[in-house]
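Student: would you be able to build a 3D model of this:
(one chain, ligands or ions: 1)
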Amino acid sequence: MGYIEAKAVIGTNSWGGKAYGKAVRGSYVPDSVIKDAMREAVKQGLMIYDLARDYGLGKAQKMFGDLAEEIGKDHIIISAKYTPFTHYKRNCVRKSLEKDLADFRRSYVDIYLLHLPADIEQHLAEIIELFNEGKIRNIGVSNFTLEECRLAKRILDKAGIPLYGVQNHYSLISREWEKNGLLDWCKENGISFWAWAVLEEGMLTDPRVKTKFSLMKFFMNRQKRKMFELYRVMIAVAKRHDITVPQVAEAYCVNKGVVPVCGCRKPKQVRELAEAVNVKLTSGEVRKLEEAADKSGAKILGHDLFRFAVPK
Ligand SMILES: NC(=O)c1ccc[n+]([C@@H]2O[C@H](COP(=O)([O-])OP(=O)(O)OC[C@H]3O[C@@H](n4cnc5c(N)ncnc54)[C@H](OP(=O)(O)O)[C@@H]3O)[C@@H](O)[C@H]2O)c1
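Tutor: Coordinates of the predicted model:
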């Protein structure tokens, strides 16, 4: 497979166990509905899934592998990660990838990201080894600053391998990676920029739609009252394009040249994501959305949320 042109990506962090789904997301979505969502993704041409060993408290990958087997996995593009919670140890990436491949029932992953900027030289050296063995087809990084991305690119350049992509947190209310030049640097260097949690864990959805209580929502709801004007603008834009409020947040990213990674568990969410990719916002709409987002001062996940997890 050559260059992977990503338009939108399905996130899987919310897939997995019942208790986890209820506590974190407020509801459990049965596997059968997630399987229907995967079938819908085939229909919509959304083929890329974002995975990591710890997603769904360690249950998402195995579940993904099982469901992919059932619906047919030939078309599926897998983006997986190595998460360095501790310092580098020889073969740590290899061991983790072997478990991933067993979960996916595949001999390679299409895209593989270094999940955190820890011991960058050593981890990337092992990822390059696995690339050269054909187990990884494209290499990217996640939660990296511009300086860390430059370093990763230098290391990969030396090995003659392009840096495929950067996956950081970015959304309408969290645009620091754009303001500090990382997004432009990616564009200048032909590197795909993927935004995780473009819906801010559900906070950039329609405030008029009631959702069930969850721990996450309990902590985040305080930010909602700062966002009334932003919601007003989002609702107006949604009305103009005959789309939903979350589609405005997704389309916003696409219109900024950013690939949205969106946590979808239901067919409708997959359909909306696929449609949002084709919505053209006007420059006036983008400006109004950004002005309202900036004025709100709302901060939900923060642009560099996982810095604390990088081993010192
Ligand atoms: N690289 C990293 O460090 C990193 C970190 C975190 C996440 N990620 C990736 O990013 C993905 C997305 O993040 P996320 O899942 O945490 O958050 P998200 O995509 O910002 O938000 C998910 C929430 O939005 C709701 N939602 C999704 N589509 C919707 C739609 N069309 N209409 C209304 N509501 C909708 C979901 O509802 P339901 O509750 O009904 O499902 C869920 O509550 C993850 O799954 C993961 O793959 C990467």
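Student: show me which residues of the stretch 151-300 of the chain are close to the ligand?
Tutor: 167, 196-202, 205, 246, 261-265, 269, 272 (Cβ under 6 Å from any ligand atom). Placement of C-beta: from N, CA and C, glycine included.
Student: the closest residue to the ligand within the stretch 201-312 of the chain - nearest residue in space that isn't next to it in sequence?
Tutor: Nearest residue of the stretch 201-312 of the chain to the ligand (Cβ to the nearest ligand atom) works out as residue 263 at 1.9 Å. Excluding its sequence neighbours, the residue lying closest to residue 263 (Cβ to Cβ, 6 or more residues apart in numbering) is residue 11, at 4.2 Å.
Student: now do the contacts for the one you found.
Tutor: Contact analysis of residue 11 by Cβ atoms under 8 Å, 6 or more residues apart in numbering lists 50, 196-197, 261-264.
Student: give me the buried subset of these.
Tutor: 50, 196-197, 261-264 (16 or more other Cβ atoms under 10 Å).
Student: mind listing what residue 149 touches?
Tutor: For residue 149, the contacting residues are 141, 163, 166, 182, 185-186, 191, by Cβ under 8 Å, 6+ apart.
Student: what about 6 Å?
Tutor: Residue 149 makes contacts with residue 166, as judged by Cβ atoms under 6 Å, 6 or more residues apart in numbering.
Student: secondary structure element holding it?
Tutor: helix 146-158 (DSSP states H and E).
Student: tell me the mean pLDDT for that helix?
Tutor: For helix 146-158, mean pLDDT is 98.
Student: after that helix, next one along is what?
Tutor: The first helix or strand that comes after helix 146-158 along the chain, using DSSP H and E, is strand 163-169.
Student: which strands or helices does that following strand pack on?
Tutor: Packing partners of strand 163-169 (3 or more Cβ pairs under 6 Å, 6 or more residues apart in numbering; DSSP states H and E): strand 139-142, helix 146-158, strand 192-196.
Student: got any ranges where the stretch 101-250 of the chain has weak pLDDT?
Tutor: Across the stretch 101-250 of the chain, nothing is flagged by pLDDT under 70.
Student: picking that back up, report the contact partners of the residue of the stretch 201-312 of the chain closest to the ligand.
Tutor: By Cβ under 6 Å, 6+ apart, the neighbours of residue 263 are 11, 13-14.
Student: from those residues, pick the one nearest residue 289.
Tutor: Within the contacts of residue 263, proximity to residue 289 (Cβ to Cβ) peaks at residue 11, which comes in at 21.9 Å.
Student: please enumerate the strands of this structure.
Tutor: Per DSSP state E, the chain carries strands over the ranges 9-11, 48-50, 77-82, 111-114, 139-142, 163-169, 192-196, 259-263.
Student: ok and the residue in the stretch 1-150 of the chain nearest the ligand?
Tutor: Minimum separation of the stretch 1-150 of the chain from the ligand (Cβ to the nearest ligand atom) falls at residue 11, amounting to 2.4 Å.
Student: run through the bridge partners of that residue.
Tutor: Beta-bridge pairing of residue 11 under DSSP bridges involves residue 50, residue 263.
Student: how near is it to residue 255?
Tutor: Here residue 11 is placed at a distance of 20 Å from residue 255 (Cβ to Cβ, to the nearest Å).
Student: and for residue 49?
Tutor: Distance of residue 49 to residue 255, given as Cβ to Cβ: 23 Å.
Student: more neighbours: those two, which one.
Tutor: Neighbour count, other Cβ atoms under 10 Å: between residue 49 and residue 255, residue 49 has more, with 25 against 18.
Student: tell me who's in contact with the more buried one.
Tutor: Neighbouring residues of residue 49 by Cβ under 6 Å, 6+ apart: 10, 12.
Student: how confident was the prediction at it?
Tutor: So residue 49 comes in at 98 (pLDDT).
Student: what's the answer for residue 1, then?
Tutor: Looking at residue 1, the pLDDT reads 57.
Student: what parts of the stretch 1-150 of the chain come near the ligand?
Tutor: Within reach of the ligand by Cβ under 6 Å from any ligand atom, the stretch 1-150 of the chain has these residues: 11-14, 25, 50, 115, 142-143.
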